[in-house]
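Enquirer: Compute the structure for the input listed below.
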Amino acid sequence: MARMTGAQAMVESLLREGVDIVFGLPGGACLPFFDKLYDAKLKTVLVRHEQGAVHMAEGYARSTGKVGVAIATSGPGATNCVTGIADAYMDSIPIVVITGQVKSFMIGNDAFQEADTTGITRPITKHNYLVKDAQQIPRIVKEAFYLARTGRPGPVLIDFPVDISLAEMDFYWPEQVSLRSYNPVVKGSSSQIRKAAKLIAGSKKPVLYTGGGVIIARAAKEVKALAEKLQAPVTNTLMGLGGMDASSPLFIDMLGMHGAVYANRAVDECDLLISIGARFDDRVTGNLEKFSPNSKKIHIDIDPGSISKSIPVDIPIVGDVKEVLQELIQLVHPLETREWLAQIAQWRKESPFRYKDDGLSIKPQYVIQQIWEATKGDALITTDVGQHQMWAAQYYRFNEPNAMMTSGGLGTMGYGFPAAIGAQMGRPDKEVWCISGDGSIQMNIQEYTTAVIQKLPVKVAILNNGFYGMVRQWQHFFYKDRFSSSTMDCNPDFVKLSEAYGGVGIRVTRKEDVRPSIIKAQSIKDRPVFLDFVCPKDENVMPMIPSGGSMEQIMDMA
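Expert: Purely as a prediction, here's the structure:
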């Protein structure tokens, strides 16, 4: 055992967990911790806002498969983390957030910069801890990382009072984690898997509906193997993009509110829907009573709470997606699906993803297509939330897991840019693009300084249409063009702003300059780039199923 302070124990525990980067911003209640980080053998990235730190940790986690770490001080520092924590919780992202706290004996006395951080975050974390004894720090950290990355992953918070960080303790690292109340099921029930195989055998019109759980479980190979063995079409959720190679003839694109007509129609008319690592989100199901009304349903998920929560299923299988699929693949046989696949191909021919190109203006869909071609589909893509997010999902072809990083469950504007910073730091070997809008990019634009200081070549494609675009679209369709508080009347000059921060800014106003500007941005290797694409104000994301609607109400291009 080594004698050390609580702050030293926290740093040592992070090192024992293999942490190499932390994202954070110091303050009084966590200064002892940051003081010990000064000499630590890990990189501390100073952010400009604590929400940015959490999103960076998310981007790092998603690009590397490791647990991301964010650090903030007490009170406002901790509360600034709440949106990022909720985002990670909704999308099952493994992060550990460490927040400073006032002295333990002052908790509850409304001390300066005090907030009930554990109370505030309890509904949006897998678990949280208030450290009351320095001797417990190694155990708490070990448990926190284990909880964050196992089962259905998610955020864990450690609230760290300043007096505990200064207290002395004897460091001892536990080699095992023992949590009697936490035993996630990994192996699925063999009897349920056999029932699923029997049900599959009788299907003539199957669809595999796969979500973010496939990415988390690293089960893309198994999904492809099952699809090819069955000759069954595969549709992804937004969070599941990349879980099936987009170049596969069995891939029928994204489903849901802004998904492909043919994917939604296939789900609507299939006789068997196999849900794999997806949770029947409302943006997918719409009207619950009319969602895939004639199909039998198999649901595979590691989280028993997600099964039959929204849609009753015929065969639930609780377990790790990868392990369940490996067993299921051995039991199934090829199906006769030629007519079914031909029908879907006909629907695709009739209603592909498409937009009206006038040959002059810069259509946002065209920009994304050009980014895909220029990167050869090999970049890491982050997005913010809104129209640009849906266009990225439709027009960038994701061929591998974790290439698409977006805020699915919470829908957080301001996620994309800091997530791109975290992804770039986690994967310096990859080209990283953030696709954003003129509204979203301003939510966490202060992190441009972080990218400049770290010399990160993150490219940000701003689809600038002078509106909160998705708000404008809904106001157009459902509120009689009453554009209440959706117009961006006074956007900054993004080129000058980029240059003021120390980066590169490129404004693009002509269609013929789109590809050259992308290539120019790709050539810049030592600092971030803003590309300001000036787009039409009235472009809409199509197809679209109204909120709470069904397949019969889908709107598409004329």
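Enquirer: L25 and I302, how far apart?
Expert: Using Cβ to Cβ, to the nearest Å, L25 is found at 34 Å from I302. Every C-beta, even on glycine, is put in place using the N, C-alpha and C of the backbone.
Enquirer: These two - which one has more neighbours?
Expert: I302 (27 against 21; other Cβ atoms under 10 Å).
Enquirer: Which residue ranges make up the domains of this structure?
Expert: 2-171, 190-350, 364-534 (automatic domain parsing).
Enquirer: quick one: which of these is nearest M557?
Expert: domain 190-350 (9.7 Å; Cβ to Cβ).
Enquirer: G549 is nearest to which of the domains of the chain?
Expert: G549 sits nearest to domain 190-350 of all the domains of the chain, at 5.0 Å, using Cβ to Cβ.
Enquirer: From the chain's centroid, how far away is the closest one?
Expert: In terms of Cα atoms, centre = their mean, to the nearest Å, the centre of domain 190-350 is found 20 Å from the chain centre.
Enquirer: what's the first-to-last distance across it?
Expert: End-to-end distance for domain 190-350, by Cα to Cα, to the nearest Å: 42 Å.
Enquirer: go on, stretch 453-460?
Expert: Rule used - Cα to Cα; the end-to-end distance of stretch 453-460 is 16 Å.
Enquirer: Can you name the element that comes right after the one helix or strand E373 maps to?
Expert: Take DSSP states H and E as the rule and E373 turns out to sit in helix 364-375. Using DSSP H and E, the helix or strand that follows helix 364-375 in sequence is strand 380-383.
Enquirer: tilt between the following helix or strand past that following strand and helix 364-375?
Expert: Once the chain leaves strand 380-383, the next helix or strand it forms, by DSSP H and E, is helix 387-395. Comparing the axes of helix 387-395 and helix 364-375 via axes from the mean of the first three to the mean of the last three Cα atoms, to 10 degrees yields an angle of 60 degrees.
Enquirer: can you pull the buried residues of helix 387-395?
Expert: Q387, H388, Q389, M390, W391, A392, A393, Q394, Y395 (16 or more other Cβ atoms under 10 Å).
Enquirer: so who does the third one touch?
Expert: This means Q389. Residues near Q389 by Cβ atoms under 8 Å, 6 or more residues apart in numbering: L238, T383, T406, I435.
Enquirer: Going by neighbour count, which of those are buried?
Expert: Buried among the contacts of Q389 by 16+ other Cβ under 10 Å: L238, T383, T406, I435.
Enquirer: got the contact list for L335?
Expert: With Cβ under 8 Å, 6+ apart, L335 has these contacts: I200, A201, S203, K204, P206, L230, Q231, A232.
Enquirer: So which of those wins on neighbours?
Expert: Counting by other Cβ under 10 Å, top hit in these: P206 with 26 neighbours.
Enquirer: and that residue, how far is that from K322?
Expert: 20 Å.
Enquirer: okay but I85 is in contact with I120, surely?
Expert: No. At 9.3 Å, I85 does not count as touching I120 under the criterion of Cβ atoms under 8 Å.
Enquirer: These two: which is more packed in?
Expert: Between I85 and I120, counted using other Cβ under 10 Å, the more crowded position is I85 (29 against 17).
Enquirer: what helix or strand does the more buried one sit in?
Expert: Using DSSP H and E, I85 falls in helix 82-91.
Enquirer: Please tell me how far that helix is from the chain's geometric centre.
Expert: 10 Å.
Enquirer: what does it rub up against?
Expert: 50-51, 53-55, 57-58, 70, 93-95, 97, 120-121, 124-126, 154-155, 157, 212, 239, 407-410, 412, 414-415.
Enquirer: all strands in the stretch 1-150 of the chain, in order from the N-terminus.
Expert: 2-5, 21-24, 43-46, 68-72, 95-101, 127-130 (DSSP state E, counting those that start in this stretch).
Enquirer: ok, the residue most central in space within the chain - contacts?
Expert: In the chain, the residue lying closest to the centroid (Cα atoms, centre = their mean) is T406, at 4.0 Å. Counting by Cβ under 8 Å, 6+ apart, T406 touches L238, M239, T382, T383, V385, Q389, A392, A393, Y415, G416.
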